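Engineer: Sequence and predicted structure are below.
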Amino acid sequence: MRPEIVAHRGASEHRAEHTRAAYELALHQGADGLECDIRLTRDGHLVCVHDRKVDRTSTGRGVVSTLTLDRLNQLDFGQWHHELPESADDLIHEPLAQPSAEQHERGLLTLEDLLGLLKDTPRPVKLFVETKHPVRYTGLVEAKLIAQLRRHGLSAPASKEESRVVVMSFSRLAVRRVRQHAPQLPTVLLLDRLPTTMRSGEMPDWADITGPGIHLLREHPDYVARCAEQGRDTYCWTVDEPADIDLCRRAGVRYLATNAPAHTRRHLDSGPSATVGQALPGE
Ligand code: G3P
Ligand code: CA
């Protein structure tokens, strides 16, 4: 089965990560899922920002948890990133220095904005929400997340398979908290190393899906099959190189997180079952 394509921080190779423009492009390119990182602002809003500080990705400076939503809304989160066109031909016609996305597509994206985008998407796209730790607010991040999902009717899906939202973290405590307070939500335990005790494919019962980095699968390609034997799907991040995409497909990865959804899809579709000459949206 072809892996499902999850747009990592949106289509972040071609648009600034975590901006509305990045997620709109990912949806336009037919991504099956969207990934985002969330953090709490000083005044208690969940916002989509990867780093502890806004320095790398915005025109501002400072730690997210010490800034208010109003302050963050004044920043431009798109300017730092060249909005790469989709192909070399487009590059000739589209100057790199001018961001094409409108200001409202380059500003701070809140989780509320992203849930709105999800709601407006007619396809059943899944949202993979990662909570970052350690943070000063500890468990308040998961508590606020679950409360917000509940307000949107997304915290208690009929089944895990049908859930529109999947919650992930590298923090075992965070994943356990989610299981405890929203037992019907599917969870991913993200892994940047593979402890010997988990190599058999066994997982703690509070995590539904295993989430290795691609570096782990290069070293342990059989890990995916061992997890499947235990009834666990695999979510693998962050997969952009053709050889890695092939590895994920061969290994049986269910969810593949990539910064370049269109390129990854094109590569997957060029496999044995590809439709020759199939065009991608936007091409
Ligand atoms: O999707 C999981 C992956 O995003 C984890 O790493 O640093 O990109 O959040 P990071
Ligand atoms: Ca992430």
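Structural biologist: Cool, got the structure. Ligands and ions are numbered 1, 2, ... in the order given.

Engineer: contacts, neighbours, all on C-alpha from now
Structural biologist: Noted.

Engineer: where does the stretch 1-150 of the chain dip in pLDDT?
Structural biologist: Low-confidence segments of the stretch 1-150 of the chain (pLDDT under 70): 84-101.

Engineer: now with 80?
Structural biologist: The model of the stretch 1-150 of the chain has pLDDT under 80 over residues 82-104.

Engineer: quick one, strands of it?
Structural biologist: Using DSSP state E, counting those that start in this stretch, the strands of the stretch 1-150 of the chain run over 4-8, 33-40, 46-48, 126-131.

Engineer: Deepest in the core, which of these is it.
Structural biologist: For the strands of the stretch 1-150 of the chain, the stretch with the most neighbours on average is strand 4-8, a mean of 27; neighbours defined as mean count of other C-alpha atoms under 10 Å.

Engineer: What about Thr264, how many residues nearby?
Structural biologist: A count of neighbours around Thr264, defined by other C-alpha atoms under 10 Å, yields 24.

Engineer: next one: Leu111
Structural biologist: Applying other C-alpha under 10 Å, we find 22 other residues in the vicinity of Leu111.

Engineer: and it, what does it touch?
Structural biologist: Residues counted as contacts of Leu111 (C-alpha atoms under 8 Å, 6 or more residues apart in numbering) are Ile38, Leu46, Val47, Cys48.

Engineer: how far away is the residue nearest the centre of the chain from Thr197?
Structural biologist: If you average the C-alpha coordinates of the chain and look for the closest C-alpha using C-alpha atoms, centre = their mean, you land on Glu35, 1.4 Å from that point. Distance of Glu35 to Thr197, computed by C-alpha to C-alpha, to the nearest Å: 28 Å.

Engineer: Is it possible to get JSON lines of the strands of the stretch 1-150 of the chain that adds distance to Ala182?
Structural biologist: JSON lines is the format used below for the strands of the stretch 1-150 of the chain (distance: least, C-alpha to C-alpha, whole Å):
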{"stretch": "strand 4-8", "distance to Ala182": "23"}
{"stretch": "strand 33-40", "distance to Ala182": "18"}
{"stretch": "strand 46-48", "distance to Ala182": "18"}
{"stretch": "strand 126-131", "distance to Ala182": "14"}
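
Engineer: I figured Glu130 hits Ser171, correct?
Structural biologist: No. The pair formed by Glu130 and Ser171 falls short of the contact definition of C-alpha atoms under 8 Å, at 9.9 Å.
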